[in-house]
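Undergrad: give me a 3D structure for the following:
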Amino acid sequence: MLRRSEDAFVDELFAAAPPAGAPLLKARFPRAFIDPNREPYELDPGMFAGTLPSWVNRSSVRVGAGLGTIARVVANGAEIYRGKLDFAEAEARIEALYRPYHNALSALMDTTAARFGGALLIDCHSMPAVGGPMDRDPGKRRVDFVLGDAHGTSCSRRIIDWTETQFRELGYSVARNDPFAGGFITRHYGRPANRRHALQIEINRRLYMDEDKIDRSANFQTLAGHLSVFVQRAAAEAAALIQ
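TA: Predicted coordinates:
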């Protein structure tokens with residue numbers, strides 16, 4: 001149940017990125033333990049012993065759903081912890097894992113922008129084939145790819161239009177911003193006015209894995225091949241796309 005909160009094998013699906021010239025950053029820790037796609041201190045006060053500091057974000061929609069920086073529940077709504085956590089535990093996870101991840105990502109964005117005059121961040125995720133009880137679309141079968149640009153604020157229209165065209169030409173169904181418009185990473189790093197663009201891609205897990213066994217399916221290599229084509233095309237077009 002915990003592992004169903006993972007974006008399993010997504011780094012392997014995008015393994016063609018480094019050979020194409022694009023850095024590939026992956027979190028080497030599970031999202032159910034600490035979620036880098038949240039604000040650093042987006043915490044549910046009901047999970048912790050004692051009172052949280054006043055500056056902690058305790059009232060976001062994600063916290064209300066049990067899916068803050070430290071998740072309270074797994075994808076099906078089951079509670080993760082038996083008892084209360086100490087705030088010191090949250091601080092330790094954030095300092096040991098969350099901050100190094102974002103330090104690395106920030107450095108990549110800064111280095112890329114300095115070298116090329118702009119940057120394009122593609123934030124890669126996976127989604128269950130059917131919306132779960134904690135999602136905006138419970139029980140609904142999902143399309144192959146959902147592209148999230150925070151409703152037109154995290155990247156240029158040119159980039160999301162181009163990306164949708166690529167996936168449709170490869171034979172996939174595509175939606176925009178529904179049910180996922182982009183989390184903290186997309187919204188925080190996407191600054192189109194500064195030629196820093198961020199686009200979230202959610203991949204339907206039925207395309208490449210057995211969701212019950214959490215194992216690669218027979219279609220894994222087919223999808224990886226198509227994503228390799230996408231990555232190579234993106235690398236070739238990136239300079240024009242970030243203008």
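Undergrad: residue with max distance from the center of the protein?
TA: In the chain, G50 marks the outermost C-alpha relative to the chain mean, sitting 31.0 Å out by Cα atoms, centre = their mean.
Undergrad: so which residues make contact with the helix or strand of the chain with the lowest mean pLDDT?
TA: Here the helix or strand of the chain ranked lowest by mean pLDDT, DSSP states H and E is helix 61-64, holding a mean of 92. With contact meaning Cβ atoms under 8 Å, 6 or more residues apart in numbering, helix 61-64 is reached by 38, 42-44, 57, 68, 183. C-beta: built from backbone N, CA, C; applies to glycine.
Undergrad: one more time with 7 Å, if that's ok
TA: Under the criterion Cβ atoms under 7 Å, 6 or more residues apart in numbering, residues 38, 42-44, 57, 68 lie in contact with helix 61-64.
Undergrad: can you pull the buried residues of stretch 226-241?
TA: Going by neighbour count (16 or more other Cβ atoms under 10 Å), the buried part of stretch 226-241 is 226-228, 230-232, 234-235, 238, 241.
Undergrad: before we move on, what about stretch 16-23?
TA: Buried residues in stretch 16-23, counted by 16+ other Cβ under 10 Å: 16-17, 20, 22.
Undergrad: of all those, which comes closest to I34?
TA: Taking Cβ to Cβ as the measure, I34 lies nearest A17 of those, at 23.8 Å.
Undergrad: return the residues in contact with the nearest residue to the closest one once chain neighbours are set aside.
TA: Nearest non-adjacent residue to A17, counting by Cβ to Cβ, 6 or more residues apart in numbering: L24, 4.3 Å away. Counting by Cβ under 7 Å, 6+ apart, L24 touches 11, 14, 17-18.
Undergrad: I'd like these as TSV, with secondary structure, pLDDT and distance to R196 appended.
TA: Shown next, in TSV, are the contacts of L24 (DSSP: H, G, I helix; E, B strand; the rest coil; pLDDT from 0 to 100; distance: Cβ to Cβ, whole Å):
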residue	secondary structure	pLDDT	distance to R196
D11	helix	97	23
F14	coil	98	20
A17	coil	97	18
P18	helix	96	21
